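Undergrad: here are the coordinates; sequence isn't available:
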């Protein structure tokens, strides 16, 4: 019972420690930094901190205009737009807003918390949740990905 109480306290404190990112909403141009076709290679974080491979989605495609798409080898799972905000420290936060009419609600996707970029280069993208379980989503660049097939 003590372990359950301790877990509840830790989760509650984690929720309280989440930063509220209020700042200037920016135009989709901020999404240009992460535009491209990406394949997820692992997700780390959570209570265990161990890396796992996503069994729900395989690809993230981000267009220059801020539209995005989560897909796997057989279907488009969600489509939406990225809203960006810049906080008082000039950090950019990416909000993946899913179009609820074009989303399979049975598939959990990394859209519940704002994301920050931990790493971006020509081959890698690492997005992180700033709060709670601190999940990091590790992607590699895909050269040819056509999710519109």
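TA: Yes, it's here. This one's a predicted model, so the numbers in the text were calculated from it and none came from an experiment. Numbers count the residues shown, from 1 in each chain.
Undergrad: What strands flank the host helix or strand of residue 139, and is each parallel or antiparallel?
TA: Under the criterion of DSSP states H and E, residue 139 resides in strand 136-141. The strands that strand 136-141 pairs with in its sheet are strand 36-44 (antiparallel), strand 124-128 (antiparallel) (by DSSP bridges).
Undergrad: Mean neighbour count, those strands: which tops it?
TA: Across the strands paired with strand 136-141, averaging neighbours per residue (mean count of other C-beta atoms under 10 Å) puts strand 124-128 on top, at a mean of 19. C-beta here means a position set from N, CA and C on the backbone, and glycine is covered the same way.
Undergrad: Give the rounded mean pLDDT of it.
TA: In this model, strand 124-128 has an average pLDDT of 93.
Undergrad: So what's the gap between it and the chain middle?
TA: Remark: strand 124-128 is offset 8 Å from the chain centroid, using C-alpha atoms, centre = their mean, to the nearest Å.
Undergrad: Stretch 134-143 too?
TA: Centre-to-centre, stretch 134-143 and its host chain are 9 Å apart (C-alpha atoms, centre = their mean).
Undergrad: Name the residues that touch it?
TA: 36-46, 51, 59-60, 110, 115, 118, 122-129 (C-beta atoms under 8 Å, 6 or more residues apart in numbering).
Undergrad: first to last residue in it, what's the distance?
TA: End-to-end span of stretch 134-143 (C-alpha to C-alpha, to the nearest Å): 29 Å.
Undergrad: swap in stretch 31-49?
TA: Length of stretch 31-49, first residue to last, C-alpha to C-alpha: 28 Å.
Undergrad: Repeat that for stretch 103-110.
TA: Separation of the first and last residues of stretch 103-110 by C-alpha to C-alpha is 13 Å.
Undergrad: coming back round to it: over the strand holding residue 139, what's the mean pLDDT, rounded is fine.
TA: Here the average pLDDT along strand 136-141 is 93.
Undergrad: One more: stretch 43-53?
TA: On average, stretch 43-53 scores 77.
Undergrad: That stretch: end-to-end distance?
TA: First-to-last residue span, stretch 43-53, C-alpha to C-alpha: 6 Å.
Undergrad: Isn't residue 86 up against residue 116?
TA: No: contact between residue 86 and residue 116 fails when scored by C-beta atoms under 8 Å: they sit 11.4 Å apart.
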